[in-house]
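Peer 1: from the sequence below, what's the structure:
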Amino acid sequence: MRDDAFEMLRRMTRARVALGRSGDGLPTAAKLEFQMAHALARDAVWGKVNFDGIADALAPREVIKVASAAPDRASYLRRPDLGRRLAAGEASKLRPGPFDLVFIIADGLSADAVESHAADVVIATEAQLSGLTIGPVVLASEARVALGDDVGAAMGARLVAVLIGERPGLSAADSLGVYLSFKPAAGLRDSARNCISNIHGHGLSTERAADKLAWLVREALRIGVTGIGLKEAAPDAALPTSAQPSSITHHKPTGARGHE
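Peer 2: The predicted model follows:
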């Protein structure tokens with residue numbers, strides 16, 4: 001049986017606290033829940049993102065699909081360095097700016113996170129960035145955070161926001177992270193990025209994440225830096241609770257697939 005002294009703590013967290021025991025092992029229900037969480041985490045890591053569905057959700061925004069140098073999922077997991085750079089010839093797909101901001105949606109380590117939350121965060125953030133020039137959304141497969149540096153540099157972006165599936169844990173397999181970088185370029189250090197993490201149904205909501213990201217974008221452009229030089233100390237009053245319609249300047253694609 002569970003010790004009632006821990007009941008209040010269990011109501012406050014999804015962490016496994018005082019699960020109890022049956023003999024010298026876990027109760028059956030707790031063991032089955034753990035096995036299910038582990039299976040979900042494995043599926044999230046090995047899953048393939050439906051980028052076509054994300055492109056549909058982002059319409060009428062233009063999207064550009066690129067791939068990292070990792071030829072397959074197994075290589076991606078064994079060789080993190082391959083996921084940090086574009087495959088040969090992929091840079092030619094990118095349209096040059098200049099742009100104030102480019103969103104990059106990368107699969108990372110959780111397909112579930114990307115499919116569940118990424119498009120919503122992009123749409124909600126963009127609605128708060130009136131007056132900025134925003135480039136096409138780049139959809140990157142087998143990608144790590146640093147891939148955004150090559151993409152941003154090729155597109156002439158002042159800022160890149162990489163939305164990526166976070167490494168799944170045993171309490172959340174669909175957690176999304178966002179990494180914001182000013183003046184992206186090859187070799188940029190992680191200390192030069194700002195991170196918003198734990199975006200999922202039991203963590204930070206997509207709306208609140210968009211509020212934080214929009215605030216960071218504005219501040220980064222104002223002071224010309226991200227990372228340790230940009231403190232994530234936005235007062236609550238500075239974060240809007242709802243986005244109002246705004247005027248966004250998008251890159252207009254050529255060809256038959258136009259935008260309204």
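Peer 1: give me the buried positions along the strand or helix carrying residue 43.
Peer 2: Per DSSP states H and E: residue 43 is located in helix 28-46. Of the residues in helix 28-46, 30, 37, 40-41, 44-45 count as buried by neighbour count, 16 or more other C-beta atoms under 10 Å. To be clear about C-beta, it is placed using only N, CA and C from the backbone, and glycine gets the same treatment.
Peer 1: distance between the helix or strand following it and the chain's centre?
Peer 2: Using DSSP H and E, the next helix or strand after helix 28-46 towards the C-terminus is helix 51-58. Offset of helix 51-58 from its chain centre (C-alpha atoms, centre = their mean, to the nearest Å): 15 Å.
Peer 1: now do helix 51-58: which elements does it pack against?
Peer 2: strand 63-67, helix 119-126, strand 137-141 (3 or more C-beta pairs under 8 Å, 6 or more residues apart in numbering; DSSP states H and E).
Peer 1: which one of these lies nearest to residue 209?
Peer 2: helix 119-126 (5.4 Å; C-beta to C-beta).
Peer 1: from the chain's centre, how far out does that closest one sit?
Peer 2: With C-alpha atoms, centre = their mean, you get 11 Å for helix 119-126.
Peer 1: same check on stretch 15-34?
Peer 2: That offset, for stretch 15-34, works out to 33 Å (C-alpha atoms, centre = their mean).
Peer 1: pull it out as PDB, backbone CA atoms only.
Peer 2: Only the C-alpha atoms of stretch 15-34 are listed here, as PDB (Å, rounded to 0.1, in the frame of the first residue of the first chain):
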ATOM      1  CA  ALA A  15       7.200  11.900 -10.800                       C
ATOM      2  CA  ARG A  16       7.000   8.400  -9.300                       C
ATOM      3  CA  VAL A  17       6.800   8.900  -5.600                       C
ATOM      4  CA  ALA A  18       6.300   6.300  -2.900                       C
ATOM      5  CA  LEU A  19       4.900   3.700  -5.300                       C
ATOM      6  CA  GLY A  20       4.600   1.100  -2.600                       C
ATOM      7  CA  ARG A  21       5.700  -2.600  -2.900                       C
ATOM      8  CA  SER A  22       4.300  -6.000  -3.200                       C
ATOM      9  CA  GLY A  23       6.700  -8.400  -1.400                       C
ATOM     10  CA  ASP A  24      10.200  -7.300  -2.600                       C
ATOM     11  CA  GLY A  25       8.900  -5.800  -5.800                       C
ATOM     12  CA  LEU A  26       6.700  -3.000  -7.200                       C
ATOM     13  CA  PRO A  27       2.900  -3.400  -7.200                       C
ATOM     14  CA  THR A  28       1.700  -4.700 -10.500                       C
ATOM     15  CA  ALA A  29      -0.100  -1.500 -11.500                       C
ATOM     16  CA  ALA A  30       3.100   0.600 -10.900                       C
ATOM     17  CA  LYS A  31       5.300  -1.800 -12.800                       C
ATOM     18  CA  LEU A  32       2.900  -1.800 -15.800                       C
ATOM     19  CA  GLU A  33       2.800   2.000 -15.800                       C
ATOM     20  CA  PHE A  34       6.600   2.100 -15.800                       C
END
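Peer 1: roughly how far apart are residue 76 and residue 40?
Peer 2: According to C-beta to C-beta, to the nearest Å, residue 76 and residue 40 sit 20 Å apart.
Peer 1: one more: residue 117?
Peer 2: 16 Å.
Peer 1: also residue 48?
Peer 2: For residue 48, the distance to residue 40 - C-beta to C-beta - is 16 Å.
Peer 1: mind listing what residue 72 touches?
Peer 2: residue 142 (C-beta atoms under 8 Å, 6 or more residues apart in numbering).
Peer 1: many thanks, I have nothing further to ask.
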